[in-house]
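Engineer: Pasting a predicted model and its sequence here:
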Amino acid sequence: MLTTPRKLAAEPLLVSKREAAALLSICVRSVDNYIASKQLPCRRLGKRVLIPYTALVAFARRDHLPQVAEIAPDET
């Protein structure tokens with residue numbers, strides 16, 4: 001019986017830090033910082049650090065405005 005090769009998914013399940021940085025147009029160091037601050041989840045397989053593609057897409061769609069502390073008006 002002949003079997004047909006399966007088509008690979010259009011998007012990968014996991015991407016490397018370098019691939020993630022390229023997809024987000026940032027440096028690898030920034031990816032490391034987002035992982036360290038738990039803003040970007042990752043999976044560790046041996047020495048490799050891989051990021052789920054779906055988490056990367058969700059991260060890219062989030063609003064990343066810096067939080068500014070509200071300053072109360074002066075009471076005079």
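Structural biologist: Done, it's in. Numbers count the residues shown, from 1 in each chain.

Engineer: who's in contact with the spatially most central residue of the chain?
Structural biologist: Residue closest to the average C-alpha location in the chain (Cα atoms, centre = their mean): L56, at 3.4 Å. L56 is in contact with 15, 20, 23-24, 40, counting by Cβ atoms under 8 Å, 6 or more residues apart in numbering. Any C-beta I mention is one placed from the backbone N, CA and C, and that applies to glycine too.

Engineer: One more: P12?
Structural biologist: Y53.

Engineer: give me the element it is part of.
Structural biologist: Here P12 sits in a region with no helix or strand, counting by DSSP states H and E.

Engineer: what's the pLDDT at A10?
Structural biologist: A10 is assigned 78 on the pLDDT scale.

Engineer: can I assume it sits in a helix?
Structural biologist: No - assessed with DSSP: H, G, I helix; E, B strand; the rest coil, A10 is coil; it does not lie in a helix.

Engineer: So what's the residue count around L14?
Structural biologist: Applying other Cβ atoms under 10 Å, we find 18 residues neighbouring L14.

Engineer: pretty sure it is touching T54, no?
Structural biologist: No - assessed by Cβ atoms under 8 Å, L14 is found out of contact with T54, at 9.9 Å.

Engineer: Out of the contacts of L56, list just those in strands.
Structural biologist: Counting by DSSP state E, the part of those found in strands is V15.

Engineer: what about the strands in this structure?
Structural biologist: Using DSSP E, strands in the chain cover 14-16, 43-45, 48-52.

Engineer: could you pull out the helices for this protein?
Structural biologist: 17-24, 28-36, 53-61 (DSSP state H).

Engineer: Thanks a lot, see you next time.
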